[in-house]
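Trainee: Sequence and predicted structure below; questions after.
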Amino acid sequence: MSFSDQLQHLQAFLDADDLHDEALDYMAACGYLTALAISPEVVEDAELLAELFAETPDYQDAEQQALIEGTLLELKARIARELASDEDLELPCELTLGDEPDYSDLRSWCIGFMEGVFLREEAWFSNDEELVSELLLPIMVASGLFADQPEFAEIHEDEDMVEDMAEHIPQVLTQLFLLFNAPEEKQKPALITKRR
């Protein structure tokens, strides 16, 4: 089975109605795995899967379980390889919240990404909280999770700013990956030049 076929199976499985209410759908899972591919602290596979599903799914058989779990872990590995390349990561959705942000694929992806951050929140912010917060801002805004906070409410009022932030998410991911995973002497100059 090709990996694209595996992804189709995974998407159908994650978007079905019979998973736990708190399980991540396919788009959120993609964001979640991206955050874990970037994370400054490794999250073991068992914890990764447990948090993604909220409770163990009712698999048809061991073969289906192996396919779904194997595809998720392979997808995370592929995302990590793409992040480590010189190209910005291509998200599996349009970089826009559209006319109905709450139902957009980008919002789901960003919510999943933040779920991945929350798993190791202390590690994400422990070394350079200000820079990490600045880099995460477009994803935090697009997620809608912080919309009730005054500073975020102000940003949400400016639709053009929100859309501009959304378009920059791939570059933000590259910078976060470099910040946590590149050798110290390589990361800072690249970040500074990109941010200006």
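Mentor: Structure received. Numbers count the residues shown, from 1 in each chain.

Trainee: Show me what the helix ranked longest in the chain is packed against.
Mentor: Secondary structure of the chain per DSSP state H: the longest helix is helix 62-84. Judged by 3 or more CB pairs under 8 Å, 6 or more residues apart in numbering; DSSP states H and E, helix 62-84 is in contact with helix 3-14, helix 26-38, helix 45-53, helix 169-181. (Each C-beta comes from the backbone N, C-alpha and C, glycine too.)

Trainee: As CSV, the ones you listed with mean pLDDT would be great.
Mentor: Output for those, formatted as CSV (pLDDT from 0 to 100):
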stretch, mean pLDDT
helix 3-14, 97
helix 26-38, 98
helix 45-53, 98
helix 169-181, 95
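
Trainee: closest to Tyr59 out of these?
Mentor: The closest of the helices and strands packed on helix 62-84 to Tyr59 is helix 3-14. By CB to CB, the value is 9.1 Å.

Trainee: and the closest one, how far out from the chain's middle?
Mentor: 18 Å (CA atoms, centre = their mean, to the nearest Å).

Trainee: Remind me what it packs against, helices and strands.
Mentor: On a contact count with 3+ CB pairs under 8 Å, 6+ apart, helix 3-14 meets helix 26-38, helix 62-84.
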